[in-house]
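> Sequence plus predicted model, see below.
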Amino acid sequence: MDLHRLEVFCQVVEQKSFTRAAEAVFLSQPTVSEHIRTLEELVGERLIDRLGREVHPTQAGRILFRYARKILQLRAEAMQAIEQYSGKLAGQLLLGASTIPGTYILPHYVGLFKTLYPAIQTTLKISGSRLVAEMVLEGEVELGTVGARWNDTTLAWQEIFADELVLAVPPEHRWAQRKAIGLDELAGEPFILRERSSGTRKVMEQLLLDHGFDPVRLTVVAEMGSTEAVHQSVRANIGVSILSRRAVAQDLDCGAVTVVPFKGLTMHRPFYLIHHKNRQLSPIGTAFLEYLQNHADR
(Lines give C-alpha, C1' and ligand atoms only; values in the text may rest on other atoms or scores of the structure.)
Protein backbone atom coordinates (compact mmCIF):
# COMPACT_ATOMS: atom_id res chain seq x y z
CA MET A 1 0.00 0.00 0.00
CA ASP A 2 1.58 3.26 -1.16
CA LEU A 3 2.41 5.59 1.75
CA HIS A 4 1.97 8.73 -0.32
CA ARG A 5 -1.51 7.57 -1.30
CA LEU A 6 -2.33 7.02 2.37
CA GLU A 7 -1.09 10.52 3.14
CA VAL A 8 -3.39 11.96 0.47
CA PHE A 9 -6.31 9.93 1.85
CA CYS A 10 -5.68 11.23 5.40
CA GLN A 11 -5.62 14.80 4.13
CA VAL A 12 -8.97 14.32 2.38
CA VAL A 13 -10.51 13.00 5.61
CA GLU A 14 -8.99 15.71 7.79
CA GLN A 15 -9.71 18.59 5.40
CA LYS A 16 -13.19 17.24 4.49
CA SER A 17 -12.50 18.47 0.99
CA PHE A 18 -10.70 17.24 -2.13
CA THR A 19 -9.79 20.82 -3.00
CA ARG A 20 -8.25 21.66 0.37
CA ALA A 21 -6.49 18.29 0.47
CA ALA A 22 -5.01 18.96 -2.98
CA GLU A 23 -3.66 22.31 -1.74
CA ALA A 24 -2.18 20.68 1.38
CA VAL A 25 -0.23 18.04 -0.59
CA PHE A 26 0.55 20.28 -3.61
CA LEU A 27 -1.35 18.15 -6.12
CA SER A 28 -4.18 18.86 -8.53
CA GLN A 29 -7.70 17.91 -7.47
CA PRO A 30 -8.05 15.28 -10.26
CA THR A 31 -4.82 13.66 -9.06
CA VAL A 32 -6.15 13.50 -5.49
CA SER A 33 -9.40 11.96 -6.76
CA GLU A 34 -7.41 9.38 -8.72
CA HIS A 35 -5.41 8.45 -5.60
CA ILE A 36 -8.62 7.88 -3.66
CA ARG A 37 -10.16 5.84 -6.51
CA THR A 38 -7.05 3.64 -6.70
CA LEU A 39 -7.07 3.15 -2.94
CA GLU A 40 -10.76 2.15 -3.03
CA GLU A 41 -10.02 -0.40 -5.75
CA LEU A 42 -7.15 -1.77 -3.69
CA VAL A 43 -9.20 -2.33 -0.52
CA GLY A 44 -12.40 -3.22 -2.36
CA GLU A 45 -14.51 -0.76 -0.41
CA ARG A 46 -15.87 2.75 -0.87
CA LEU A 47 -13.85 5.00 1.44
CA ILE A 48 -15.28 8.49 0.90
CA ASP A 49 -18.85 9.82 0.69
CA ARG A 50 -19.56 13.20 -0.86
CA LEU A 51 -22.21 14.98 1.21
CA GLY A 52 -22.91 18.44 -0.15
CA ARG A 53 -19.81 20.61 -0.08
CA GLU A 54 -17.99 18.32 2.34
CA VAL A 55 -16.70 14.78 2.09
CA HIS A 56 -16.76 12.27 4.92
CA PRO A 57 -15.23 8.83 5.39
CA THR A 58 -17.44 5.77 5.16
CA GLN A 59 -17.26 3.17 7.93
CA ALA A 60 -14.50 1.42 5.97
CA GLY A 61 -12.85 4.79 5.45
CA ARG A 62 -12.83 5.49 9.19
CA ILE A 63 -11.16 2.13 9.86
CA LEU A 64 -8.51 2.74 7.21
CA PHE A 65 -7.97 6.32 8.42
CA ARG A 66 -7.25 5.12 11.96
CA TYR A 67 -4.59 2.69 10.74
CA ALA A 68 -3.22 5.02 8.07
CA ARG A 69 -2.46 7.66 10.68
CA LYS A 70 -0.58 5.10 12.75
CA ILE A 71 1.40 3.95 9.71
CA LEU A 72 2.36 7.51 8.77
CA GLN A 73 3.25 8.33 12.36
CA LEU A 74 5.47 5.25 12.54
CA ARG A 75 7.20 6.33 9.32
CA ALA A 76 7.82 9.78 10.81
CA GLU A 77 9.19 8.26 14.01
CA ALA A 78 11.53 6.02 12.01
CA MET A 79 12.91 8.99 10.10
CA GLN A 80 13.32 10.96 13.34
CA ALA A 81 15.17 8.05 14.95
CA ILE A 82 17.59 7.91 12.00
CA GLU A 83 18.14 11.67 12.18
CA GLN A 84 18.73 11.43 15.92
CA TYR A 85 21.25 8.63 15.39
CA SER A 86 23.04 10.89 12.90
CA GLY A 87 23.30 13.60 15.55
CA LYS A 88 20.40 15.67 14.23
CA LEU A 89 16.74 16.01 15.09
CA ALA A 90 14.37 16.76 12.23
CA GLY A 91 10.72 16.16 11.40
CA GLN A 92 7.32 17.36 12.56
CA LEU A 93 6.24 18.18 16.10
CA LEU A 94 2.45 17.90 16.52
CA LEU A 95 1.04 19.81 19.48
CA GLY A 96 -2.44 20.61 20.77
CA ALA A 97 -3.39 23.27 23.29
CA SER A 98 -6.36 25.01 24.80
CA THR A 99 -6.76 28.73 24.15
CA ILE A 100 -4.58 30.32 26.84
CA PRO A 101 -1.49 28.08 26.61
CA GLY A 102 -1.85 27.80 22.84
CA THR A 103 -2.04 31.57 22.33
CA TYR A 104 0.03 33.08 25.13
CA ILE A 105 2.48 30.43 26.39
CA LEU A 106 3.50 27.69 23.97
CA PRO A 107 4.57 29.86 20.99
CA HIS A 108 7.37 31.30 23.13
CA TYR A 109 8.72 27.85 24.03
CA VAL A 110 8.24 26.47 20.53
CA GLY A 111 10.35 29.36 19.23
CA LEU A 112 13.13 28.70 21.74
CA PHE A 113 13.02 24.97 21.01
CA LYS A 114 13.31 25.64 17.28
CA THR A 115 16.51 27.62 17.80
CA LEU A 116 18.01 24.38 19.15
CA TYR A 117 16.53 22.20 16.39
CA PRO A 118 15.92 24.41 13.32
CA ALA A 119 14.98 21.44 11.10
CA ILE A 120 11.84 20.72 13.16
CA GLN A 121 8.47 21.85 11.78
CA THR A 122 5.80 22.51 14.40
CA THR A 123 2.03 22.23 14.04
CA LEU A 124 0.04 23.71 16.94
CA LYS A 125 -3.71 23.03 17.00
CA ILE A 126 -5.77 25.18 19.38
CA SER A 127 -9.11 23.94 20.69
CA GLY A 128 -11.00 23.26 23.91
CA SER A 129 -9.34 21.12 26.58
CA ARG A 130 -11.59 18.10 25.94
CA LEU A 131 -11.00 18.25 22.20
CA VAL A 132 -7.25 18.54 22.75
CA ALA A 133 -7.38 15.41 24.92
CA GLU A 134 -9.29 13.60 22.17
CA MET A 135 -6.62 14.63 19.64
CA VAL A 136 -3.94 13.16 21.93
CA LEU A 137 -5.88 9.92 22.41
CA GLU A 138 -6.51 9.57 18.67
CA GLY A 139 -2.85 10.22 17.83
CA GLU A 140 -3.62 13.42 15.93
CA VAL A 141 -1.13 15.26 18.18
CA GLU A 142 1.59 13.86 20.44
CA LEU A 143 1.43 16.33 23.30
CA GLY A 144 -1.34 18.55 24.58
CA THR A 145 -1.52 21.44 27.03
CA VAL A 146 -4.89 21.90 28.75
CA GLY A 147 -6.36 24.01 31.52
CA ALA A 148 -8.45 21.39 33.30
CA ARG A 149 -7.86 17.90 34.65
CA TRP A 150 -10.29 15.01 34.87
CA ASN A 151 -10.15 11.28 35.54
CA ASP A 152 -8.78 9.64 32.39
CA THR A 153 -6.42 6.75 33.06
CA THR A 154 -5.20 6.59 29.45
CA LEU A 155 -3.58 10.03 29.72
CA ALA A 156 -0.42 11.00 31.58
CA TRP A 157 -0.86 14.38 33.31
CA GLN A 158 1.88 16.75 34.43
CA GLU A 159 1.42 20.26 35.81
CA ILE A 160 3.67 22.33 33.57
CA PHE A 161 2.61 26.03 33.61
CA ALA A 162 0.94 28.33 36.10
CA ASP A 163 -1.57 31.10 35.53
CA GLU A 164 -3.79 33.41 37.54
CA LEU A 165 -7.35 34.45 36.80
CA VAL A 166 -7.89 38.16 37.49
CA LEU A 167 -10.78 40.62 37.46
CA ALA A 168 -10.21 42.89 34.46
CA VAL A 169 -12.01 46.26 34.24
CA PRO A 170 -11.67 49.31 31.98
CA PRO A 171 -9.28 51.94 33.41
CA GLU A 172 -12.14 54.43 33.84
CA HIS A 173 -14.26 51.94 35.84
CA ARG A 174 -15.18 52.99 39.38
CA TRP A 175 -13.35 49.93 40.74
CA ALA A 176 -10.11 50.75 38.95
CA GLN A 177 -8.75 52.73 41.91
CA ARG A 178 -9.91 50.26 44.55
CA LYS A 179 -7.32 48.21 46.42
CA ALA A 180 -9.69 45.22 46.41
CA ILE A 181 -13.39 44.35 46.11
CA GLY A 182 -15.55 41.69 47.74
CA LEU A 183 -16.97 38.84 45.66
CA ASP A 184 -20.53 39.89 46.48
CA GLU A 185 -19.96 43.16 44.60
CA LEU A 186 -19.82 41.19 41.33
CA ALA A 187 -23.54 40.40 41.57
CA GLY A 188 -24.86 43.65 40.14
CA GLU A 189 -22.07 44.45 37.70
CA PRO A 190 -22.38 43.89 33.90
CA PHE A 191 -20.27 40.78 33.34
CA ILE A 192 -18.83 39.16 30.20
CA LEU A 193 -18.47 35.38 30.10
CA ARG A 194 -16.64 32.91 27.87
CA GLU A 195 -18.76 30.24 26.19
CA ARG A 196 -19.89 27.27 28.28
CA SER A 197 -17.26 24.87 26.93
CA SER A 198 -14.40 27.20 27.92
CA GLY A 199 -11.89 25.80 30.40
CA THR A 200 -11.32 29.32 31.77
CA ARG A 201 -15.03 29.67 32.48
CA LYS A 202 -15.25 26.27 34.20
CA VAL A 203 -12.26 26.99 36.43
CA MET A 204 -13.58 30.47 37.25
CA GLU A 205 -17.05 29.20 38.17
CA GLN A 206 -15.63 26.46 40.38
CA LEU A 207 -13.33 28.89 42.19
CA LEU A 208 -16.22 31.29 42.79
CA LEU A 209 -18.35 28.44 44.15
CA ASP A 210 -15.52 27.28 46.41
CA HIS A 211 -15.43 30.76 47.96
CA GLY A 212 -19.18 31.08 48.50
CA PHE A 213 -20.28 32.98 45.39
CA ASP A 214 -22.76 31.26 43.07
CA PRO A 215 -22.00 32.23 39.41
CA VAL A 216 -25.76 32.37 38.66
CA ARG A 217 -25.72 35.69 40.55
CA LEU A 218 -23.59 37.28 37.83
CA THR A 219 -25.34 39.87 35.67
CA VAL A 220 -24.26 38.46 32.32
CA VAL A 221 -24.46 40.95 29.45
CA ALA A 222 -22.54 38.90 26.86
CA GLU A 223 -21.02 35.49 26.17
CA MET A 224 -17.98 35.42 23.88
CA GLY A 225 -16.40 32.56 21.98
CA SER A 226 -12.80 33.55 22.59
CA THR A 227 -10.60 35.12 25.23
CA GLU A 228 -9.63 37.88 22.83
CA ALA A 229 -13.31 38.78 22.25
CA VAL A 230 -13.88 39.07 26.02
CA HIS A 231 -10.68 41.06 26.35
CA GLN A 232 -11.73 43.54 23.65
CA SER A 233 -15.22 43.83 25.17
CA VAL A 234 -13.72 44.84 28.51
CA ARG A 235 -11.61 47.45 26.74
CA ALA A 236 -14.78 48.71 25.02
CA ASN A 237 -16.43 49.17 28.44
CA ILE A 238 -19.18 46.60 27.76
CA GLY A 239 -18.58 45.01 31.13
CA VAL A 240 -16.01 43.45 33.42
CA SER A 241 -14.69 39.91 33.28
CA ILE A 242 -12.39 37.39 34.92
CA LEU A 243 -9.56 36.57 32.53
CA SER A 244 -6.12 35.00 32.40
CA ARG A 245 -3.44 37.40 33.60
CA ARG A 246 -1.33 36.21 30.67
CA ALA A 247 -4.08 37.29 28.25
CA VAL A 248 -4.21 40.86 29.56
CA ALA A 249 -0.49 41.30 30.31
CA GLN A 250 0.22 43.70 27.44
CA ASP A 251 -2.85 45.82 28.19
CA LEU A 252 -1.80 46.06 31.83
CA ASP A 253 1.58 47.36 30.74
CA CYS A 254 0.07 50.11 28.60
CA GLY A 255 -2.84 50.91 30.93
CA ALA A 256 -5.62 49.83 28.57
CA VAL A 257 -7.04 47.46 31.21
CA THR A 258 -6.87 47.48 35.01
CA VAL A 259 -6.80 44.44 37.31
CA VAL A 260 -8.69 44.68 40.59
CA PRO A 261 -7.89 42.12 43.34
CA PHE A 262 -10.54 40.24 45.30
CA LYS A 263 -10.49 40.45 49.08
CA GLY A 264 -9.00 37.26 50.46
CA LEU A 265 -8.93 35.41 47.14
CA THR A 266 -6.26 34.68 44.56
CA MET A 267 -7.39 32.56 41.62
CA HIS A 268 -4.44 30.32 40.80
CA ARG A 269 -4.81 28.02 37.82
CA PRO A 270 -2.45 25.29 36.57
CA PHE A 271 -2.03 24.06 33.02
CA TYR A 272 -1.28 20.40 32.37
CA LEU A 273 0.90 18.72 29.77
CA ILE A 274 -0.74 15.50 28.57
CA HIS A 275 0.26 12.57 26.39
CA HIS A 276 -1.01 9.05 25.79
CA LYS A 277 0.19 6.89 28.66
CA ASN A 278 0.51 3.74 26.54
CA ARG A 279 2.00 5.28 23.40
CA GLN A 280 5.73 5.90 23.14
CA LEU A 281 6.63 9.46 22.19
CA SER A 282 8.65 10.11 19.07
CA PRO A 283 12.24 11.37 19.47
CA ILE A 284 11.01 14.91 18.74
CA GLY A 285 8.11 14.59 21.19
CA THR A 286 10.47 13.28 23.86
CA ALA A 287 12.94 16.12 23.26
CA PHE A 288 10.20 18.77 23.51
CA LEU A 289 8.74 17.18 26.64
CA GLU A 290 12.16 17.22 28.31
CA TYR A 291 12.73 20.81 27.16
CA LEU A 292 9.48 21.98 28.78
CA GLN A 293 10.22 20.04 31.97
CA ASN A 294 13.55 21.82 32.26
CA HIS A 295 12.57 25.33 31.13
CA ALA A 296 8.84 25.89 31.76
CA ASP A 297 8.00 28.89 33.93
CA ARG A 298 5.76 27.48 36.63
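Received, thanks.

> Show me what secondary structure element comes after the helix or strand bottoming out on mean pLDDT in the chain.
Within the chain, no helix or strand scores below helix 59-85, which has a mean of 82 by mean pLDDT, DSSP states H and E. Following helix 59-85 in sequence order, the next helix or strand is strand 91-97 (DSSP states H and E).

> Name every strand pairing with that next one and say which way it goes.
Its sheet considered, strand 91-97 pairs with strand 120-126 (parallel), strand 143-146 (parallel) by DSSP bridges.

> Dump those strands into a markdown table; add mean neighbour count and distance to Gln250 as well.
From N, CA and C alone the C-beta is placed, and that goes for glycine too. As requested, the strands paired with strand 91-97 are arranged in a markdown table below (neighbours: other C-beta atoms under 10 Å; distance: least, C-beta to C-beta, whole Å):
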| stretch | mean neighbour count | distance to Gln250 |
| --- | --- | --- |
| strand 120-126 | 16 | 19 |
| strand 143-146 | 26 | 21 |
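
> Which one of the ones you listed has the poorest average confidence?
Among the strands paired with strand 91-97, strand 120-126 carries the lowest mean pLDDT, at a mean of 92.

> which residues in the protein form helices?
Using DSSP state H, the helices of the chain run over 3-15, 18-25, 29-43, 59-85, 99-100, 106-116, 129-138, 199-210, 227-235, 245-254, 283-295.

> in the fourth one, what's buried?
When you say that, I think you mean helix 59-85. Gly61, Leu64, Phe65, Ala68, Arg69, Leu72, Gln73, Ala76, Glu77, Gln80, Glu83, Gln84 (16 or more other C-beta atoms under 10 Å).

> same deal with the first one?
Using 16+ other C-beta under 10 Å as the test for burial, helix 3-15 gives Arg5, Leu6, Glu7, Val8, Phe9, Cys10, Gln11, Val12, Val13, Gln15.

> contact partners of stretch 13-28?
7-8, 11-12, 29, 31-33, 35-36, 48, 53-57, 61, 65 (C-beta atoms under 8 Å, 6 or more residues apart in numbering).

> quick revisit: distance to Gln177 added to the strands paired with strand 91-97, as CSV?
Shown next, in CSV, are the strands paired with strand 91-97 (distance: least, C-beta to C-beta, whole Å):
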stretch, distance to Gln177
strand 120-126, 36
strand 143-146, 36
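
> Out of these, the one nearest Glu134 is which?
For the strands paired with strand 91-97, proximity to Glu134 was assessed by C-beta to C-beta; strand 143-146 is nearest, at 9.3 Å.

> hang on, the earlier thing: for the buried residues of helix 59-85, which two are the farthest from each other?
Gly61 and Gln84 (33.9 Å).

> and stretch 286-295, what's its mean pLDDT?
The model assigns stretch 286-295 a mean pLDDT of 91.

> so how far is it from its chain's centroid?
Mean-position distance between stretch 286-295 and its chain equals 18 Å (C-alpha atoms, centre = their mean, to the nearest Å).

> How about that stretch, which residues are buried there?
In stretch 286-295, counting by 16+ other C-beta under 10 Å, buried: Thr286, Ala287, Phe288, Leu289, Tyr291, Leu292.

> Double-check Ala168 against Ser244; I have them as touching.
No: with contact defined as C-beta atoms under 8 Å, Ala168 does not reach Ser244; the gap is 9.4 Å.

> Tell me which of the two has more neighbours.
Ser244 (28 against 25; other C-beta atoms under 10 Å).

> rewinding a little: let me have the buried residues of helix 3-15 in a markdown table, extended by distance to Val110 and pLDDT.
As requested, the buried residues of helix 3-15 are arranged in a markdown table below (distance: C-beta to C-beta, whole Å; pLDDT from 0 to 100):
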| residue | distance to Val110 | pLDDT |
| --- | --- | --- |
| Arg5 | 31 | 90 |
| Leu6 | 28 | 90 |
| Glu7 | 24 | 89 |
| Val8 | 27 | 91 |
| Phe9 | 29 | 90 |
| Cys10 | 23 | 90 |
| Gln11 | 23 | 90 |
| Val12 | 28 | 91 |
| Val13 | 26 | 91 |
| Gln15 | 23 | 88 |
